[in-house]
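> I would like the atomic coordinates for the input below:
(one chain, ligands or ions: 3)
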Amino acid sequence: MRAEDIANDIREVLLPEERIRQRIAELAREIEQDYGDDEPLLVGVLKGAVMVVSDLARELRIPVTMDWMAVSSYGSGTESTGVVRILKDLDTDLSGRRVLIVEDIIDSGLTLSWLKANLESRGPASVEICALLRKPERLVSDVPVRYVGFDVPNEFVIGYGLDYDEKYRHLRDIAVMQPHAYGASCHCGSADDAATPATH
Ligand code: 5GP
Ligand code: MG
Ligand code: MG
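Ligands and ions are numbered 1, 2, ... in the order given. Alright, predicted model coming up:
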């Protein structure tokens, strides 16, 4: 797509590249403290978490391994269906491993809650969750998320791995879409309600 079409589809940049980088570095310091030499397995949830996993893994100063899962919870629309299906499973045996699920965003929490239970049933030493973004207004499930990058308003965001209909994943910043770009009537909070680093 053309650069001007992208600009037309974006309402505002919520999290510029540099802020994302800084926050991922902070999360990496916490993860290093918690895991030490235990060599956590980072489980990236395709496709949205690709950027988070690759930046987080390179920021971490401890040994890690990586694996990937694809689950479906969204079609090409913008609302969660709550239906989860494994499209691609892990290659790694989880017995005795310390697993860290890495997600782009937790919205209702239904996907992660299901995924955590599924991985816990495979005999790992532990399963924790790291989500770059969280929409606290929308949480339905009370799944515990150990590492959260930013709490964001209840708006549809794109960029840094996050797509709308497979577009915009390559953008370096995280941005809010113009509602016209996805044909939605906006039921969202105000735009100047900026993202805040999550406390947990
Ligand atoms: P949940 O099951 O927590 O409602 O949905 C989680 C998944 O929905 C995320 O991993 C992501 O793929 C998608 N999702 C939720 N909110 C957004 C959003 O604002 N923008 C985009 N691009 N995807 C979202
Ligand atoms: Mg995701
Ligand atoms: Mg998507």
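> Disregarding residues adjacent in the polypeptide, which is nearest to D142?
Distances taken as Cβ to Cβ, 6 or more residues apart in numbering put G109 closest to D142, at 7.4 Å, once the chain neighbours are dropped. Glycine gets a C-beta too; all of them are placed from N, C-alpha and C.
> Go ahead and confirm the one you found touches V143.
Yes: using Cβ atoms under 8 Å as the test, G109 is close enough to V143 to be in contact (4.8 Å).
> Spatially central, which residue of the chain would that be?
Of all residues in the chain, the one closest to the mean position by Cα atoms, centre = their mean is D104, 1.2 Å from it.
> Am I right that that residue is in a strand?
Yes: judged by DSSP: H, G, I helix; E, B strand; the rest coil, D104 forms part of a strand.
> my read: it touches R134, true?
No: in terms of Cβ under 8 Å, D104 does not count as a neighbour of R134; the distance is 10.6 Å.
> Let me know the pLDDT of the residue of the chain found nearest ligand 2.
Of the residues in the chain, the one nearest ligand 2 is G48, at a distance of 3.5 Å by Cβ to the ion. Reported pLDDT at G48 in the predicted model: 97.
> Where does it sit: helix, strand or coil?
coil.
> Pull the contacting residues for the residue nearest to D142.
For G109, the contacting residues are 139-143, 145, taking Cβ atoms under 8 Å, 6 or more residues apart in numbering as the criterion.
> same thing but 7 Å
By Cβ atoms under 7 Å, 6 or more residues apart in numbering, the contact list for G109 reads 139-141, 143.
> before we move on, what about K116?
101, 127, 129, 143.
> Please name the nearest non-neighbouring residue to V43.
I101 (4.9 Å).
> Which of the helices or strands spans that neighbour?
Under the criterion of DSSP states H and E, I101 resides in strand 98-106.
> Tell me which residues are up against that strand.
For strand 98-106, contacts defined as Cβ under 7 Å, 6+ apart pick out 35, 38, 40-45, 48-49, 52-53, 56, 112, 115-116, 119, 124-134, 145, 161-162.
> In strands only, show me the residues you listed.
Among the contacts of strand 98-106, the members falling in strands are 41-45, 126-134 (criterion: DSSP state E).
> Where neighbours are concerned, which of these has the most?
L132 (31 neighbours; other Cβ atoms under 10 Å).
> Just give the nearest non-adjacent residue to that one, would you?
G149 (4.0 Å).
> ok, the one you found - contacts?
23-24, 27, 131-133, 198.
> Quickly list what A175 is bridged to.
V13, I158 (DSSP bridges).
> so it touches G159, yeah?
Yes: using Cβ atoms under 7 Å, A175 is in contact with G159, at 5.0 Å.
> Quick check: buried residues in the longest helix that the chain contains?
Using DSSP state H, we find that the single longest helix of the chain is helix 17-35. Along helix 17-35, these residues count as buried under the neighbour rule (16 or more other Cβ atoms under 10 Å): 19-20, 23-24, 27-28, 31, 34-35.
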